[in-house]
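Participant: Mind looking at a prediction? Sequence and model below.
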Amino acid sequence: MPVDMRESWWIRDLEVPTRVVLAPMAGVSVQAFRRQGRRFGAGLVCSEMVSCAGIEHRNERTLGYLRVAGDEHPLAIQIFGSDPVAMAEAARTVAAAGADVVDMNFGCPVRKVTKTGAGAHLLDDPVLACRITEAVASAVPVPVTVKMRRGVEDGSRACLELGPRLVEAGASALALHPRSATQMYTGYADHSLTAELVARVDVPVIASGDITSHAKAQAVLDATGAEAVMVGRGAQGNPWALREIVLGDAGPPSREEVAAELIHFVRETVRELGERRASSFLKKFYGWYLGHGRFPRPFKQELVQMKSTDEVVTRLLAAAPGAAELVEQIPLAADEVLLDGLPISIYGGG
Ligand SMILES: Cc1cc2nc3c(=O)[nH]c(=O)nc-3n(C[C@H](O)[C@H](O)[C@H](O)COP(=O)(O)O)c2cc1C
């Protein structure tokens, strides 16, 4: 029997309502992205990786990543670092901010991160990886999970040795992106390793990598025994992919739907980051969104060159007048849970 993508599953005592998890993506997974992901059927959404050193030093921008809206739950906030004590402290802050899950990044391949002993470096340092997991799991009441790659070098199977040890150290679920750190995003995700990991641990495994359709999600769940799939690049500017992966029979969006979602996303992001940061952050999203809805090719370039997000919204409404009514139907942000003591200026963006 194929797995029903709309069926719930559990991370320890946390119920996750569908089998689709929205991946953590640095520079992408802002609150607007996560809220949209939940609306389109993701059962669990994740923040981008948040620096534990940034939390420790109460860096304003870092703390801004810890804003949690009422309608994001269940939400995982992902932290990265290499010092068990600092990671435990960061986990406490993250749980206090409202995260339902504290996720740890043991997979980031970027040198700036690995040279500090964090991210994918930990795949090569199982003793430290386990010490961090133990420290974090005993610091917070919420479940702690780890997201990892297969190993550092091509062909590595380090995740299979490390996974069971992390579970013993307190991890309540593991997400595996079965590419090596060296591979970055080349080649393909080898989900035969996901199946091997599932066989070795008694906690849920989440399969990450190259999941872009219902058929692929179903095939990976069936072949691996993983509890859920994680969707990253496939959902960039394309929340409809999440709907299709969950429901199986959802058609492509109309031009009006694409414009309405993009307008809502622009407004939410401005509210979150402030106009100045949002307008540069959003540029990559224009191309991602406008790959749908049959917009003329030069339209994307036109949006990228606009000076303000108000101009972008006006131009989108001109190109798809029916979008105005659809935008009105998208629910507005629920009340946010704010963390005591955070500097108020971050909420104004800037
Ligand atoms: C732009 C971008 C940023 C990412 N940032 C993170 C991150 O902060 N933390 C993390 O664990 N993985 C991160 N990843 C990896 C994704 O979560 C995911 O594992 C990977 O993209 C494979 O899944 P996909 O084929 O569905 O994109 C990132 C990926 C991309 C493309």
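Facilitator: That came in fine, so what should we check first? Numbering: from 1, shown residues only.
Participant: and the residue in the chain positioned nearest to the ligand, what pLDDT?
Facilitator: Using Cβ to the nearest ligand atom, the single residue of the chain nearest to the ligand is Gly232, 2.8 Å away. C-beta: built from backbone N, CA, C; applies to glycine. Looking at Gly232, its pLDDT reads 98.
Participant: number of nearby residues for the spatially closest residue to it that is not a sequence neighbour?
Facilitator: Taking Cβ to Cβ, 6 or more residues apart in numbering, and ignoring the residues beside it in sequence, Gly232 has Ala23 as its nearest neighbour in space, at 3.4 Å. Taking other Cβ atoms under 10 Å as the criterion, the count of residues near Ala23 is 27.
Participant: Give me the buried positions along stretch 231-249.
Facilitator: 231-246, 248 (16 or more other Cβ atoms under 10 Å).
Participant: Can you flag which of those belong to helices?
Facilitator: Using DSSP state H, 239-246 are the members of the buried residues of stretch 231-249 that sit in helices.
Participant: right, and the helix or strand after the longest helix belonging to the chain?
Facilitator: Ranked by residue count, the top helix of the chain under DSSP H comes out as helix 255-273. On the C-terminal side of helix 255-273, the nearest following helix or strand under DSSP states H and E is helix 275-281.
Participant: between the helix or strand just after that following helix and helix 255-273, how many degrees?
Facilitator: Beyond helix 275-281 on the C-terminal side, the first helix or strand identified by DSSP H and E is helix 283-290. Here the directions of helix 283-290 and helix 255-273 differ by 160 degrees (axes from the mean of the first three to the mean of the last three Cα atoms, to 10 degrees).
Participant: Output the contacting helices and strands for helix 283-290.
Facilitator: When contacts are defined as 3 or more Cβ pairs under 8 Å, 6 or more residues apart in numbering; DSSP states H and E, helix 283-290 sits against helix 255-273, helix 298-305.
Participant: The same query, at a cut-off of 6 Å, please.
Facilitator: Contact analysis of helix 283-290 by 3 or more Cβ pairs under 6 Å, 6 or more residues apart in numbering; DSSP states H and E lists helix 298-305 as its packing neighbours.
Participant: name the helices or strands packed onto the helix it packs on?
Facilitator: Applying 3+ Cβ pairs under 6 Å, 6+ apart, one finds that helix 298-305 makes contact with helix 283-290.
Participant: Which residue, other than its chain neighbours, is closest to Asn105?
Facilitator: Here the nearest residue to Asn105 in space, its sequence neighbours aside, is Phe80; by Cβ to Cβ, 6+ apart that works out to 4.0 Å.
Participant: Can you name the residues bridging to that neighbour?
Facilitator: When assigned by DSSP bridges, Phe80 has beta-bridge partners Ser51.
Participant: residues in contact with it?
Facilitator: The contact partners of Phe80, by Cβ atoms under 6 Å, 6 or more residues apart in numbering, come to 49, 105, 118-119.
Participant: who in the stretch 1-150 of the chain is up against the ligand?
Facilitator: Residues of the stretch 1-150 of the chain lying near the ligand by Cβ under 6 Å from any ligand atom: 23-28, 48-49, 78, 105, 107-108, 147.
Participant: If any of those are buried, put those into a ChimeraX selection.
Facilitator: Of those, the buried ones go into a single ChimeraX selection, burial set by 16+ other Cβ under 10 Å:
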select :23,24,25,28,48,49,78,105,107,108,147
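Participant: just the residues of the stretch 1-150 of the chain next to the ligand now: which is nearest Ser280?
Facilitator: Using Cβ to Cβ, Gly27 is the member of these that lies nearest Ser280, at 10.7 Å.
Participant: sec struct for that closest one, please.
Facilitator: Recorded secondary structure, Gly27: coil (DSSP: H, G, I helix; E, B strand; the rest coil).
Participant: now swap in Thr212 and tell me
Facilitator: Following three-state DSSP, we place Thr212 in the coil state.
Participant: Return, as residue ranges, the portions of this protein with sub-threshold pLDDT.
Facilitator: In the predicted model, the chain carries pLDDT under 70 at residues 333-350.
Participant: and if we set it to 50?
Facilitator: 335-350 (pLDDT under 50).
Participant: could you show me where the strands are in it, in order?
Facilitator: Chain-ordered strands for the chain, with DSSP state E as the definition, fall at 9-11, 14-16, 20-22, 44-51, 68-69, 75-80, 101-106, 144-151, 173-180, 205-208, 228-231, 336-337.
Participant: closest to Ala324 out of these?
Facilitator: For the strands of the chain, proximity to Ala324 was assessed by Cβ to Cβ; strand 68-69 is nearest, at 24.0 Å.
Participant: The residue nearest to Gly232 reaches Val229, doesn't it?
Facilitator: No - applying Cβ atoms under 6 Å as the test, Ala23 and Val229 come out as separate, 9.7 Å apart.
Participant: For the stretch 151-300 of the chain, what lies in contact range of the ligand?
Facilitator: Where the stretch 151-300 of the chain comes near the ligand, counting by Cβ under 6 Å from any ligand atom, the residues are 177, 208-211, 231-234.
Participant: Looking at the residues you listed, spot the one nearest Pro253.
Facilitator: Distance ranking of those against Pro253, using Cβ to Cβ, places Gly234 first at 14.5 Å.
Participant: how close does the closest one get to Ser208?
Facilitator: With distances taken as Cβ to Cβ, to the nearest Å, Gly234 is found 11 Å from Ser208.
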